[in-house]
Structure formats: structure tokens, C-alpha cells
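Q: Have a look at this prediction, sequence included:
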Amino acid sequence: MHGVPDLCCISPGIKARLLWQGLCGKDQDEQRWSEIGDCEALTPYGVLDVTGAVSFDSATFRHVLGHYPTGVCVVTALEADGAAAGMVVGSFTSVSLDPPLVAFFPAKSSESWPRIERAGKFCVNILASDQQPLCRQLAGKQLDKFAGVTHRLSEGGSPILDGVVAWIDCQLDAVHGAGDHYIVLGRVTALEVEKPGKPLLFFQGGYGEFTQFI
Ligand SMILES: Cc1cc2nc3c(=O)[nH]c(=O)nc-3n(C[C@H](O)[C@H](O)[C@H](O)COP(=O)(O)O)c2cc1C
């Protein structure tokens, strides 16, 4: 079992973090837990800062983060049996130029991610603003997500979807656990703008496209 730190010597916020991380707990030390009773309001996303009690729930987390727009990509891979795997992600980002690295964050609950991971390589397809129906299809859980989805294979061997704005072909570089998601790094092997135009955007639960200020 973890050693129980002396909670009398540290600030309330730090105490809360220690409890939350499971370093000590109600069962182990009822009295110390009661010193910071507001910890009981913590949720899986709840955190107390070093100044005291600030807590929030998962709905608040989603609501606030929903104010940040993202693009929409489909990460694709080809499995050993020739079946295409793919998942929609809004969490795609460029990471490093030298070496060329990109990243996305699949949920640990994703059924497509293990299939992509097994392939050891993947292609990030940046969806165009007119590809919302394709997005909805590939974000689903149905068995044959790729039914009717036209695509070709990249030189690296991963599916490039017809009509996307651009694609980025990658070798799987690293996977790090991060809470209920993974941080996946891809080393870029090839990339191209396929169809210059507006990408599909996702904002506060809805889809749209970019409009430049005049
Ligand atoms: C706009 C949008 C963005 C999404 N972004 C992510 C993401 O970044 N990471 C993730 O794991 N799932 C994301 N999803 C959910 C997945 O696309 C998909 O629904 C989920 O992975 C379930 O399918 P799977 O079990 O086949 O992976 C997103 C869905 C939508 C519609």
C-alpha cells in the first residue's frame, strides 16, 4: 500500500490531490479525510487547485472545451486481412517538424484504435466541409463502416478517402496512456493536399465551415 503522507504539513489543495490520486483515502485514515471533507464532491474530472476547493463535473468539462473548434479527420488503416479500419477524430494536431510528427487522441474505449494500432501505420484524412455524411458514417459503431466509402491506398498502404482536403500518411511512432485516452504519435512519411478547399469544422456539437473576415 502507498505510504500515507503527513497531511497536516501540506496545503489543502495538495492534500486533495494526494487523496484523489489514491495515495491515501477514507478507509485508511478517516480523520485526515474529514479534514478536507469537500473532497467528497470530486468527480472523475474534479480537481482541487492549490488554493482550495474548485470542482467541476464532466458535463462542465465538455461544455467549456466545446468552445474550442476543431477540424475533423478520419484516421484510416488497412488490417492484415485487407479490411479497412477508421475512426473520426477532432483531436488531430501537428507536433514536430524535425522529425515530422503528428498526433491524435483515441479513446481507450475505441474499437477502431486497436485495429489501427495493429496495422502499425495509418493515414490521417482531413475531411472537406461537404463530407459531413461521411463523417457521421465513420463516427458510428456499425460493423462495416466502410460500406460505399470510395478510397484508394496510399504508397504506405493506408486508405485515402475520395474527396478529402488533404491526407497525411504515417508510421506509428509512439503511444502514451493519458487518462481515458491515448496520445498517439505518427511519424509522417508522405502528405499531400488532395482537393484545396474548405475543411469540415466541429464546434459546440455542430458542423460548419470557415469564413474569413473581409
Ligand atoms: C467530430 C468528432 C470528433 C471526434 N473526435 C474523437 C477523438 O478525437 N478521439 C476519439 O477517440 N473519438 C473521437 N470521436 C468519436 C469517434 O469518431 C467514434 O465515434 C468512436 O471512436 C467510436 O467508434 P469506434 O469504436 O469504431 O472507434 C469523434 C467523433 C466526432 C463526430
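A: Thanks, I have the structure now.
Q: Next, residue 136: secondary structure please.
A: helix (DSSP: H, G, I helix; E, B strand; the rest coil).
Q: Can you get me a residue count around it?
A: Other residues within reach of residue 136, judged by other Cβ atoms under 10 Å, total 11. For glycine as for every other residue, the C-beta is placed from the backbone atoms N, C-alpha and C.
Q: Burial check on residue 69, number of neighbours?
A: 12.
Q: Poorly predicted segments of this structure, please.
A: Within the chain, the ranges that satisfy pLDDT under 70 run 1-54.
Q: where do the helices sit along it?
A: 12-20, 30-35, 58-65, 112-119, 132-138 (DSSP state H).
Q: need the contact list for residue 160.
A: Counting by Cβ atoms under 8 Å, 6 or more residues apart in numbering, residue 160 touches 76, 123, 125, 151, 152, 153, 154, 167, 194.
Q: which one among these gets closest to residue 110?
A: residue 76 (13.6 Å; Cβ to Cβ).
Q: That closest one reaches residue 149, doesn't it?
A: No: in this structure residue 76 lies outside contact range of residue 149 using Cβ atoms under 8 Å: 9.4 Å.
Q: Compare the two and say which is more crowded by neighbours.
A: More crowded of residue 76 and residue 149, by other Cβ under 10 Å: residue 76, with 28 against 17.
Q: Tell me the spacing between that one and residue 106.
A: 13 Å (Cβ to Cβ, to the nearest Å).
Q: Can you pull the residues that touch both of those two?
A: What both residue 76 and residue 106 touch, as defined by Cβ under 8 Å, 6+ apart, is the set residue 116.
Q: Give me every residue in contact with stretch 183-197, excluding its own residues.
A: Residues contacting stretch 183-197 (Cβ under 8 Å, 6+ apart): 95, 99-106, 113, 117, 121-122, 124, 128-129, 154-156, 160, 163-177.
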